[in-house]
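> Quick one: sequence plus predicted model below, questions after.
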Amino acid sequence: MTEKESFLDALKNRILLFDGAMGTEIQKYDPAPEDFPNNQDGFNDGLILTHPDWIKQIHRNYLDAGADCIETNSFGSNKIKLDEYGFGDQTVDFNKKIALLASEVCAEYSDTTRFVIGSMGPTGYLPSSDDPDLGQKPLDEIREAFELQAEGLILGGVDALLIETSQDILEVKLVIEACHNAMSKTGKKVAIISNTTLDQYGKMLLGTNIQSAYTTVSDMGIDVFGLNCSTGPIEMNPSVQWLDEQNEHNLLVVPNAGMPENQGGKAVYKMTPEKMADALGDFIDQYNKVRIIGGCCGTNPEHIQSLRKIIDEKASSIKG
C-alpha cells in the first residue's frame, strides 16, 4: 500500500481546490428545530449527531464536483461555542467525530488523494477590543477553547487545520498557539492555514490591515496564509497582490460568490460559477503564491465544478 501524499507535498505539486459553503447546503434540507440536537435550531455542527447522512452527502457533492479538500462541519465547534449548546465538555470527542466522518467520505474516493481540512471559526469574542461584553473573555480561555477543538480534529485525522473567517488578529494568534499546543499533545503534526477576513477596503473588523495582519502571524509556524469570506474575489485583489509580492507563504483565496446583496433582509450572492472561475483563474495566472482556491458564502457544487474546470485547463496548458 502506497503512503498517502501529504497535504504540503500536494500543495507544491499543484493548485488545490477547496469545497464551497456548508450552511446554505444544509438549508437545502429545510431542517426543522427537531432535526437538531435537543431541538436547538441552527446548531449546524450538531447535525453530526442527528443527521450525519446530510453532512456526508454534502461532502460527497463537493468531492464529486472536483474538490481536492473538504472542510469539516466544525466551524462553530470550539469549546466556547459548544458551551452555548451544552456540548462544551465534549469538545474533543465532538470534533474527533466530525473529522472522522469527513475522513470516511474521502476514503470513498480513490481517483486522487483527497484531504480533510479542520475548520476552526471564531469564538464571537473580540479580545483586541474594549467592548464591555465582547472584549472581556480571558485570553487563556480562548486559547484553551481552540486547543481542545484542534486536538479533536487532529485525532479525527485532519490533514490541516484551517483558522477561518477571522475578525480579530489577536484571536488568530491565540488559535495558532492552540494548534501548536494540540500538535504537541497529540504527537502529530499537521499543516496550519491562517486566514483573515477583510472588508471591501482591505481591513479586518477592528481596522487591522492586511500588512499588519500578515506581519503579526507570518513567523508563527503557519504553512499557508489566506483570505476567506466577507467579499467576492474582485475586492480581494489588492490584498492578494500585496501578499504575493512578499514571496513567502503559499496563499489561499476563498471568496464569497461576490459581494452580498440585501434582498428582503437576506444576504444574496449573485456571482455565477463561470464569473467566479474566471476571477480566480486570473489570480492563478497573476500570482504565483496562490496555491489554494475555493468558495465561501453563496457558493455551491456548481461553483466548485467551474473552479475545477479552470484549474484543469490551466494545468493542461502548462503541460502542453
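Looks like it came in fine.

> what sits against Asn116?
Let me fix one detail, which is that residue 116 is Val and not Asn. Cys69, Ile70, Thr72, Ala99, Ala102, Ser103, Cys106, Gly156, Gly157, Val158, Asp159 (Cβ atoms under 8 Å, 6 or more residues apart in numbering). Yep, even glycine has a C-beta here, placed from its N, CA and C like the rest.

> Kindly apply the preceding question to Ala150 instead.
Going by Cβ under 8 Å, 6+ apart, Ala150 touches Asn95, Gly118, Met120, Leu161, Ala178, Cys179, Asn181, Ala182, Met183.

> okay, these in JSON lines with secondary structure, distance to Phe18 and neighbour count next?
Output for the contacts of Ala150, formatted as JSON lines (DSSP: H, G, I helix; E, B strand; the rest coil; distance: Cβ to Cβ, whole Å; neighbours: other Cβ atoms under 10 Å):
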{"residue": "Asn95", "secondary structure": "helix", "distance to Phe18": "19", "neighbour count": "31"}
{"residue": "Gly118", "secondary structure": "strand", "distance to Phe18": "13", "neighbour count": "30"}
{"residue": "Met120", "secondary structure": "strand", "distance to Phe18": "14", "neighbour count": "31"}
{"residue": "Leu161", "secondary structure": "strand", "distance to Phe18": "14", "neighbour count": "30"}
{"residue": "Ala178", "secondary structure": "helix", "distance to Phe18": "22", "neighbour count": "24"}
{"residue": "Cys179", "secondary structure": "helix", "distance to Phe18": "18", "neighbour count": "31"}
{"residue": "Asn181", "secondary structure": "helix", "distance to Phe18": "25", "neighbour count": "17"}
{"residue": "Ala182", "secondary structure": "helix", "distance to Phe18": "22", "neighbour count": "23"}
{"residue": "Met183", "secondary structure": "helix", "distance to Phe18": "22", "neighbour count": "19"}
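
> and stretch 45-62, what's its mean pLDDT?
Averaged across stretch 45-62, the pLDDT comes to 98.

> quick one: buried residues of it?
For stretch 45-62, the neighbour count (16 or more other Cβ atoms under 10 Å) marks 45-48, 51, 54-56, 58-62 as buried.

> Among those residues, which one lies nearest to Ser194?
Asp45 (21.2 Å; Cβ to Cβ).

> List the contacts of the closest one.
Counted by Cβ under 8 Å, 6+ apart, Asp45 has contacts Asn73, Ser74, Phe75, Gly76, Ser77, Lys81, Leu82, Phe94, Ile98.

> at 6 Å instead, please
Contacts were defined as Cβ atoms under 6 Å, 6 or more residues apart in numbering; by that measure Asp45 touches Asn73, Ser74, Gly76, Ser77.

> and which of those residues is nearest to Asp312?
Nearest to Asp312 among the contacts of Asp45, with distances taken as Cβ to Cβ, is Asn73, at 27.1 Å.

> Correct me if wrong: the closest one contacts Ile55.
Yes. In this structure, Asn73 is within contact of Ile55 by Cβ atoms under 6 Å, at 5.0 Å.
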